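Trainee: A predicted structure for the sequence below; I have some questions about it.
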Amino acid sequence: MQIQFIGATETVTGSKHLITTDTGMNILLDCGMFQGEHERVHVNNHQLGFDPTTIDIVLLSHAHIDHSGLIPLMYKQHFRGKVYCTPATFDLCHVMLLDSAQIQEKDIEYINKKRKEEGRKKIEPLYEETDVMNSLTLFQTIDYNEKVHVDENISFHFTDVGHILGSAAVHIDYSGIDGFKHLTFTGDIGRPDDKILNAPEPFRQADYIICESTYGDRLHENSKESLDKLESIINKTCVQQKGKVIIPAFSLGRTQELVYALDILKNQNKIPNIKVFVDSPLSAKTTAIMRAHMNLFNDEIKSYIDRTDGDPFIFKDIKYITKVEDSKNLNTFKEPCIIISASGMAEAGRIKHHIKNHVEDSRNTILIVGYSSPGGLADRLKKHEPEVRIFGQFFAVNASVETLESFSAHGDYNEMLQFLNCQHPKKVARVFLVHGDDEAKLAFKEKLNKQDLKMW
């Protein structure tokens with residue numbers, strides 16, 4: 001068996017790993033889109049790195065676009081194999097891949113307008129909504145721990161990894177010329193104290209592990225500190241300074257966790273009755289899917305739901321915004337408020353407009369709650385640069401910039417080590433680190449070496 005690492009090797013986006021068995025079967029682990037503002041991202045996304053017609057099956061760890069976003073392009077380029085995922089991942093892919101196609105259509109329209117002015121040829125989007133709908137016909141859902149036999153030599157199953165709703169670690173068992181082997185692909189590892197989802201599930205002994213390493217060089221705040229800090233930021237910004245808290249947040253996972261945290265703070269009377277706007281059509285859709293899969297929630301939130309109003313994602317002062325006009329009106333909204341909007345890395349979507357319109361006002365706070373790619377807008381804000389460029393213009397950063405890492409969906413290095421603790425180090429032949437920047441991977445490699453795990 002051979003493994004080819006195509007994406008998410010020196011970065012955290014574009015997850016794609018190709019397994020070729022001794023009998024010539026091609027199994028693709030994820031098919032994610034590279035994300036970011038750099039020109040090479042556009043080139044990388046057009047070059048899959050393999051012939052999609054040769055792929056037999058895709059095993060999809062979860063619905064985030066950096067893991068699923070190029071499956072429609074595979075269909076467009078004549079892939080007709082099966083895509084296996086959990087039921088929740090399929091439901092989420094339906095809305096997230098359509099959203100991806102719509103974003104591309106808008107972006108390409110803007111790009112082609114500039115290219116026409118420069119006398120250059122038009123470019124085409126990676127795929128359109130029709131490609132998305134066609135690709136979804138290839139999906140086949142399986143539950144956690146349901147074993148699927150691909151052929152007489154290969155089987156696989158998923159286990160809950162707690163990263164986002166429906167996310168899974170992929171476990172492949174295969175018989176080849178080197179005997180019977182076990183391979184695990186962790187996907188993105190969630191957190192043991194996630195406020196909504198279950199902790200990552202222990203898994204059977206593996207011979208080889210493909211492991212993510214996003215936060216291999218840092219630790220998160222604990223959830224109690226995080227809730228206290230969120231309370232403090234809101235009261236300082238909205239009550240004392242009469243300003244707005246602007247939060248870039250991924251539409252899936254972080255938005256719902258933030259809304260749940262605000263629901264808790266409001267029920268405990270720790271923050272005032274200020275308006276909360278969730279400005280993202282995709283967030284509204286993914287929140288509805290979260291409600292439909294509450295059987296996947298952990299006992300803590302289930303107990304909270306039973307004690308309160310039965311819905312942790314809705315309360316008196318919250319409004320989910322879908323219309324563009326309503327989104328624009330937030331920029332002239334005079335009252336103190338909280339605006340949660342996508343994208344989480346502030347590289348696209350409505351959040352860029354909100355930051356542009358609020359970053360120069362010292363009464364406001366920009367709150368970063370998740371991973372931010374190096375060089376992106378959220379990353380530049382986190383580094384407290386005195387000015388940032390948005391839509392080709394420079395804006396002074398007079399607003400406060402705060403960070404809450406504990407709202408990240410990725411485990412920190414201790415939590416990833418805890419997840420791997422179910423493995424006997426001497427029985428693991430090799431660990432391959434992916435999905436991390438170089439500094440994070442090297443730091444995590446050192447920690448794994450101390451656990452007697454051999455590194456590639």
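Mentor: Yep, that arrived.

Trainee: contacts and neighbour counts: CA atoms only from here.
Mentor: Will do.

Trainee: what lies in contact with stretch 286-304?
Mentor: 88, 91-92, 95, 165-166, 195-198, 251-252, 256, 313 (C-alpha atoms under 8 Å, 6 or more residues apart in numbering).

Trainee: could you rerun that using 6 Å?
Mentor: Residues from elsewhere that reach stretch 286-304, judged by C-alpha atoms under 6 Å, 6 or more residues apart in numbering: 196-198, 252.

Trainee: packing partners of the helix or strand that contains Gln4?
Mentor: Gln4 is located in strand 2-7, with elements delineated by DSSP states H and E. In this structure, strand 2-7 makes packing contacts with strand 16-20, judged by 3 or more C-alpha pairs under 6 Å, 6 or more residues apart in numbering; DSSP states H and E.

Trainee: got the buried residues for whichever strand in the chain runs longest?
Mentor: Secondary structure assigned by DSSP state E gives strand 168-176 as the longest strand of the chain. Using 16 or more other C-alpha atoms under 10 Å as the test for burial, strand 168-176 gives 168-175.

Trainee: just give me the residue closest to the centre of this structure.
Mentor: By C-alpha atoms, centre = their mean, the chain has its centre lying nearest to His64, at 4.7 Å.

Trainee: quick one: residues contacting that one.
Mentor: Per C-alpha under 6 Å, 6+ apart, neighbours of His64: none.

Trainee: what's near enough to touch His67?
Mentor: Going by C-alpha under 6 Å, 6+ apart, His67 touches 15, 30-32.

Trainee: would a markdown table of those residues with secondary structure and pLDDT be doable?
Mentor: As requested, the contacts of His67 are exported to a markdown table (DSSP: H, G, I helix; E, B strand; the rest coil; pLDDT from 0 to 100):
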| residue | secondary structure | pLDDT |
| --- | --- | --- |
| Ser15 | coil | 93 |
| Asp30 | coil | 98 |
| Cys31 | coil | 97 |
| Gly32 | coil | 94 |
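
Trainee: which of these tops the neighbour count?
Mentor: In terms of neighbours by other C-alpha atoms under 10 Å, the contacts of His67 top out with Asp30 at 30 neighbours.

Trainee: for it, phi and psi?
Mentor: As for Asp30, its main-chain torsions (degrees, to the nearest 10) stand at phi 70, psi 160.

Trainee: circling back to that earlier point, got CSV for the contacts of His67, with distance to Gly376 too?
Mentor: CSV is the format used below for the contacts of His67 (distance: C-alpha to C-alpha, whole Å):
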residue, distance to Gly376
Ser15, 19
Asp30, 24
Cys31, 23
Gly32, 19
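
Trainee: how much space between Lys302 and Asp309?
Mentor: Separation of Lys302 from Asp309 (C-alpha to C-alpha, to the nearest Å) stands at 11 Å.

Trainee: quick one, which of the two is more surrounded?
Mentor: Comparing Lys302 with Asp309 by other C-alpha under 10 Å, the one with more neighbours is Lys302, at 17 against 10.
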